[in-house]
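Participant: make a model of this:
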Amino acid sequence: MAGWDVHTHLIPPTVLSAAHRGEFGLSVDNGALVVDRERLPLGRLADPAALLHWISEQDLDGAVVSVPPALFRYDAGVEWAELVNQGLRELATPQLRVLAHLPLLDAAAPAVAAELARAAGADRRLDGAAGRLRQAVASVSAASDDDAQYAARRLAGMITVTLQAALLVRHAPAAVADAFCASRLDAPATLGPGVPFGTLPAGAALGEILDRARLAPG
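Facilitator: You can find the predicted model right below:
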């Protein structure tokens, strides 16, 4: 096997169904999904079987799937994100991993800020990450639609990792929270391909962390 294709787009079936019903300002016209005056040719974008066939032809393990940029619609609210994510779940198979969609400009976004505020001061690395996240959100909010699309994946990753760290700092054993922050929020972990999985520094309390995962005998 040759690995994974980590940048693949599909139109979720729930979005297509909504378009046929004329919901969310969507429509289907002449073999294209019409969204915000942009036309997405259906074809392979709406054919997960064709993607699976291509994966087999390329001798890949699978593909990581997200929606096309025209469907990001960050200001469309939670209902839109729920529709998209339901369709992504329907697409998921052992060979198709999906990236969930976040309503980044929804009014519910302050809930994330509130969760981060509860952990403020508990870890310097988390405080730094929260500050970078606030700057990134402000930058995306002020950007044009095209520029916001380019920054979207990085911003979604920042939200996910920073919120995970905040929850661990508040609720997990100190060794677990420290290892997570060190592996994902501290330089050089904040750069390069190690960010999603973490790059542990020397000195992490690995024994204590592993002990928590071991089953007691008997």
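
Participant: what's the single longest helix in the protein?
Facilitator: helix 145-171 (DSSP state H).

Participant: remind me which helix or strand the nearest residue to residue 154 once chain neighbours are set aside belongs to.
Facilitator: Ranked by C-beta to C-beta, 6 or more residues apart in numbering and with sequence neighbours excluded, the top spatial neighbour of residue 154 is residue 136, at 7.5 Å. The way it works is simple: take the backbone N, C-alpha and C, and place the C-beta from them, glycine included. Using DSSP states H and E, residue 136 falls within helix 124-142.

Participant: and residue 53, which of the three is it?
Facilitator: helix (DSSP: H, G, I helix; E, B strand; the rest coil).

Participant: mind listing what's buried in the longest helix of the chain?
Facilitator: Across helix 145-171, burial judged by 16 or more other C-beta atoms under 10 Å covers 148-149, 151-152, 155-156, 158-159, 161-163, 165-169.

Participant: which strands and helices sit next to it?
Facilitator: helix 110-118, helix 124-142, helix 174-184 (3 or more C-beta pairs under 8 Å, 6 or more residues apart in numbering; DSSP states H and E).

Participant: what comes up buried for the shortest one?
Facilitator: Translated: helix 110-118. For helix 110-118, the neighbour count (16+ other C-beta under 10 Å) marks 112, 116 as buried.

Participant: would you mind writing the CA trace of it as CSV?
Facilitator: C-alpha atoms of helix 110-118 as CSV (Å, rounded to 0.1, in the frame of the first residue of the first chain):
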residue,chain,number,x,y,z
PRO,A,110,-18.2,32.4,22.2
ALA,A,111,-18.8,29.0,23.9
VAL,A,112,-15.3,28.0,22.8
ALA,A,113,-13.8,31.2,24.1
ALA,A,114,-15.6,30.6,27.5
GLU,A,115,-14.2,27.1,27.8
LEU,A,116,-10.7,28.5,27.1
ALA,A,117,-11.2,31.3,29.7
ARG,A,118,-11.9,28.7,32.3
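
Participant: mind telling me what element residue 73 is part of?
Facilitator: Here residue 73, judged by DSSP H and E, is contained in no helix and no strand.

Participant: tell me how many other residues crowd the closest residue to it other than its chain neighbours.
Facilitator: Computed as C-beta to C-beta, 6+ apart, the closest residue to residue 73 that is not its neighbour in sequence is residue 80, at 5.7 Å. Residues near residue 80, counting by other C-beta atoms under 10 Å, number 21.

Participant: shift numbering so it begins at 41
Facilitator: Yep, numbering from 41; the last one is residue 120 now.
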